[in-house]
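Engineer: Need the 3D shape of this:
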Amino acid sequence: MADKTFFGRLQTLFSTNAVVRRVGTNKLKVIDTNKVQSNSGLATNKLVDRYTKLHASSTQMTYNQYQTFQQQRISLFTDYESMDEDSIISSALDIYADESTIKNEFDQVLSINCHDEDVQKILHNLFYDVLNIEFNLWPWVRNMCKYGDFYLKLDITEKLGVTNAQPISTYEMVREEGTDPTNDEYVRFVHDISMAGQSSAASSTAKTELENYEIAHFRMLSDTNFLPYGKSMLEGARKVWKQLTLMEDAMLIHRIMRAPEKRVFKIDIGNIPPAEVDNYMQQVINKMKKVPYVDQNTGQYNLKFNMQNMLEDFYLPVRGGQSGTEIDSLSGMEFTGIDDVDYLKNKIFAGLKVPKAFLGYDETTEGKATLAAEDVRFARTIERIQRIIVSELTKIAIVHLYSQGYDDEKLVNFELALTNSSTIYQQEKISLWSEKISLADAMKDNKMLSEDWIYKNIFNLTDKEIKEQQVKVIQDSKQTYRKTQIEDEGQDPANQPAGPEEDQQEGAYEPTGGKLGRPPEGTKYGTQDHVRGADPLGDDTRNRDIKNRDRTIRHNYKESLESITKSMDKNKKSSLLNENNLIDDESL
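Structural biologist: Residues are numbered from 1 along each chain as shown. Down below sits the predicted model:
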């Protein structure tokens, strides 16, 4: 029987690692919380298999894989801890975190885009108030880049969502995949305080099994050989770092041993017999040095540095002639060959993917540009780290929304984004669009190709998108005309009454959000109800009530014609133009 409880439903939701929801009618929204497409062939490419293939023979395959696997991971982590003590590598880790968590122009580390205002407020409260990513995201990113993995244990409460997030040491976490024979995508985590029995302080039974929705696993998925774990950003420089450490130690030892200046004492032994030369030289040497002694007051052996100690100098007896006693100086060896150190240091920079300019090794850099502005390739590295961070933050957001009762498309219909720190990277995109627009303008001005061809081949738009953009361009033109009329005449065309012809235009403007143009005025043909007076096409009505109006008036065309003829005859007799009214000239 299926588990219908809250945590049972959460387990079912994240049992496949991919949350699929329908958004609209013909669109699906798929969020893979691990950013790894399901592929059973990748399950065998684990870190234990990599080290087994490289370092183990066929007779060594009968060991406890779990314990050996954890030992190999801890050996890697030990190297990473030592590498973090190096100034260059420690600065590189700080740079990864700094560039990945830079704030945008609105002083926000994480941008939340969602059409639903309620969901956006909930997510803003989750990340900025509950998780406090403005402070916590920086160490999260640094630890993920250092170890390749970072774990957050989520405290989840029904109807409240995620109430807290507790970081867990990478040493103590184990990710298990393929443990459920009925579900290949089932994932769970084991919190082993004993670190696979390597810690004597904790018992071997101190293990806690955690479901996938309880853990946010940030991991650098750059090498399938390290699955199901991530690969550290320091792994590429680990071998070179060991070589550089040996080379630097050799350089320092050489300088310490060979750098001090020494003296050569040439002592004239005169006519001293050869058998007594050694005794004489020893007496001279003992007189010229200070011998450590036992302090009578404290009883301690005096181990103070003796500046006059000449044990490391050379004493040479000379005889005959006028040689006399001489003291010469031997200069120390000058060590100028650091090409090997520079070579290995450059290889470390290549492995870390951090430009030398930001660490102060390239003095030719001008200005105070950001690191990503100096190297676009590093900006792509930062972008890849940000995508991994966003994927797990999305998982936390889904758990939080589902706990508060959201489902269907609201569960996934949002987008999270971190700020790209590279101005040059953004300028390249803007420059590309600028060149496309210039090319489109040139083609249109020369009338070489149609607008549809330009939309499809230069801007890669579909037919539906082209129609949508054409309609929106017309709307923008209408809005531009409206603004111009307001500026020039001080009147808004949207508030002006429209004439009969304008009423029939498509796209009439409605202030409440309808079509563009003047609102209709309610013209009613066949009546006297026109807003501007009597309609010349209307009937002569006595009552404006259409149902009860007076219908006694009738038109009789024959009666009208006879009445017109009689009136004309009558007018003939009385008119001044009648022949009877004319005055004869002869009568005058």
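
Engineer: Every contact and neighbour count from this point should use C-alpha atoms.
Structural biologist: Will do.

Engineer: What are the buried residues along whatever helix or strand residue 485 lives in?
Structural biologist: Using DSSP states H and E, residue 485 maps to helix 463-489. For helix 463-489, the neighbour count (16 or more other C-alpha atoms under 10 Å) marks 466, 478, 482 as buried.

Engineer: Would you reformat those as TSV and include distance to residue 494 and pLDDT?
Structural biologist: What follows is the buried residues of helix 463-489, written out as TSV (distance: C-alpha to C-alpha, whole Å; pLDDT from 0 to 100):
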residue	distance to residue 494	pLDDT
466	28	86
478	10	87
482	8	86
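
Engineer: so can I have a markdown table of these showing distance to residue 414?
Structural biologist: Formatted as a markdown table, the buried residues of helix 463-489 follow (distance: C-alpha to C-alpha, whole Å):
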| residue | distance to residue 414 |
| --- | --- |
| 466 | 26 |
| 478 | 32 |
| 482 | 34 |
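
Engineer: of these, closest to residue 226?
Structural biologist: Using C-alpha to C-alpha, the shortest approach to residue 226 within the buried residues of helix 463-489 belongs to residue 466, at 45.8 Å.

Engineer: burial of the residue nearest to that closest one when sequence neighbours are not counted, as a residue count?
Structural biologist: Nearest non-adjacent residue to residue 466, counting by C-alpha to C-alpha, 6 or more residues apart in numbering: residue 455, 6.8 Å away. The number of residues packed near residue 455 is 17, by other C-alpha atoms under 10 Å.

Engineer: any idea which element residue 455 lies in?
Structural biologist: Judged by DSSP H and E, residue 455 forms part of helix 451-457.

Engineer: Also residue 265?
Structural biologist: Per DSSP H and E: residue 265 is located in strand 262-268.

Engineer: looking at this, residue 420 is in a helix?
Structural biologist: No: inclusion of residue 420 in a helix is not indicated when DSSP: H, G, I helix; E, B strand; the rest coil is applied; the result is coil.

Engineer: these two touch, right, it and residue 385?
Structural biologist: No: counting by C-alpha atoms under 8 Å, residue 420 does not reach residue 385; the two are 10.8 Å apart.

Engineer: so what does whichever helix or strand comes after the strand holding residue 265 touch, helix or strand wise?
Structural biologist: Later in the chain than strand 262-268, the nearest helix or strand by DSSP H and E is helix 277-287. Secondary-structure packing of helix 277-287 (3 or more C-alpha pairs under 8 Å, 6 or more residues apart in numbering; DSSP states H and E): strand 314-318.

Engineer: who touches the very next helix or strand once past the strand it packs on?
Structural biologist: Elements were assigned by DSSP H and E; along the chain past strand 314-318, the next helix or strand is strand 326-330. With contact meaning C-alpha atoms under 8 Å, 6 or more residues apart in numbering, strand 326-330 is reached by 261, 262, 263, 264, 265, 266, 267.

Engineer: Show me just the buried residues among these.
Structural biologist: Among the contacts of strand 326-330, those classed as buried by 16+ other C-alpha under 10 Å are 262, 265, 266, 267.

Engineer: okay, the last one: pLDDT?
Structural biologist: Looking back up the chat, that one is residue 267. Residue 267 is assigned 81 on the pLDDT scale.

Engineer: just residue 389 next, same as before
Structural biologist: Per-residue confidence at residue 389 stands at 92 (pLDDT).

Engineer: Pull up the distance across stretch 191-211, start to finish.
Structural biologist: Its start and end residues considered, stretch 191-211 measures 11 Å (C-alpha to C-alpha, to the nearest Å).

Engineer: swap that for stretch 97-106, sorry
Structural biologist: Start-to-end, stretch 97-106 (C-alpha to C-alpha) is 20 Å.

Engineer: in it, what counts as buried?
Structural biologist: 97, 98, 99, 100, 101, 102, 103.

Engineer: residue ranges of the strands in this structure, please?
Structural biologist: Taking DSSP state E, the strands of the chain run over residues 18-22, 28-32, 110-113, 149-157, 161-168, 173-177, 187-192, 207-211, 215-219, 262-268, 314-318, 326-330, 415-418.

Engineer: Can you check what angle separates the first one from strand 28-32?
Structural biologist: What separates the directions of strand 18-22 and strand 28-32 is an angle of 170 degrees, with axes from the mean of the first three to the mean of the last three C-alpha atoms, to 10 degrees.

Engineer: Sheet partners, orientation included, of strand 18-22?
Structural biologist: Strand partners for strand 18-22, identified by DSSP bridges, are recorded as strand 28-32 (antiparallel).

Engineer: average model confidence for the strand it pairs with?
Structural biologist: Averaging pLDDT along strand 28-32 gives 70.

Engineer: pLDDT at residue 79, what is it?
Structural biologist: Looking at residue 79, its pLDDT reads 90.

Engineer: What of the one 3 residues further on?
Structural biologist: Looking at residue 82, its pLDDT reads 91.

Engineer: and if you look at residue 473?
Structural biologist: pLDDT at residue 473 comes out at 89.

Engineer: How about residue 252?
Structural biologist: Reported pLDDT for residue 252: 82.

Engineer: neighbours around it, how many?
Structural biologist: Residue 252: 12 neighbours (other C-alpha under 10 Å).

Engineer: Equivalent analysis for the one 3 residues further on, please.
Structural biologist: Using other C-alpha under 10 Å, the number of residues around residue 255 comes to 15.

Engineer: Pick the most buried one from the strands of the chain.
Structural biologist: Of the strands of the chain, the one with the most neighbours on average (mean count of other C-alpha atoms under 10 Å) is strand 215-219, at a mean of 25.

Engineer: That one to strand 187-192, inter-axis angle?
Structural biologist: 90 degrees.

Engineer: Report the backbone C-alpha coordinates of strand 215-219 in PDB.
Structural biologist: Taking Å, rounded to 0.1, in the frame of the first residue of the first chain, the C-alpha atoms of strand 215-219 are listed here in PDB:
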ATOM      1  CA  ILE A 215      19.700  16.300   1.700                       C
ATOM      2  CA  ALA A 216      20.800  18.900  -0.700                       C
ATOM      3  CA  HIS A 217      23.900  17.500  -2.400                       C
ATOM      4  CA  PHE A 218      26.000  20.100  -4.200                       C
ATOM      5  CA  ARG A 219      28.600  18.300  -6.400                       C
END
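
Engineer: That strand - contacts with which helices or strands?
Structural biologist: Under the contact criterion of 3+ C-alpha pairs under 8 Å, 6+ apart, strand 215-219 touches strand 149-157, helix 376-403.

Engineer: Mind putting these into a markdown table with distance to residue 232?
Structural biologist: Listed next are the helices and strands packed on strand 215-219 as a markdown table, based on distance: least, C-alpha to C-alpha, whole Å:
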| stretch | distance to residue 232 |
| --- | --- |
| strand 149-157 | 8 |
| helix 376-403 | 11 |
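
Engineer: Tell me which of those is the most buried.
Structural biologist: helix 376-403 (a mean of 21).

Engineer: ok, the residue nearest to residue 466 touching residue 464?
Structural biologist: No: counting by C-alpha under 8 Å, residue 455 stays clear of residue 464, with 11.2 Å between them.

Engineer: Give the residues shared as contacts by those two.
Structural biologist: With C-alpha under 8 Å, 6+ apart, residue 455 and residue 464 have no common neighbours.

Engineer: sorry, back to before: which residues are in contact with each of residue 420 and residue 385?
Structural biologist: Residues touching both residue 420 and residue 385 by C-alpha under 8 Å, 6+ apart: residue 100.
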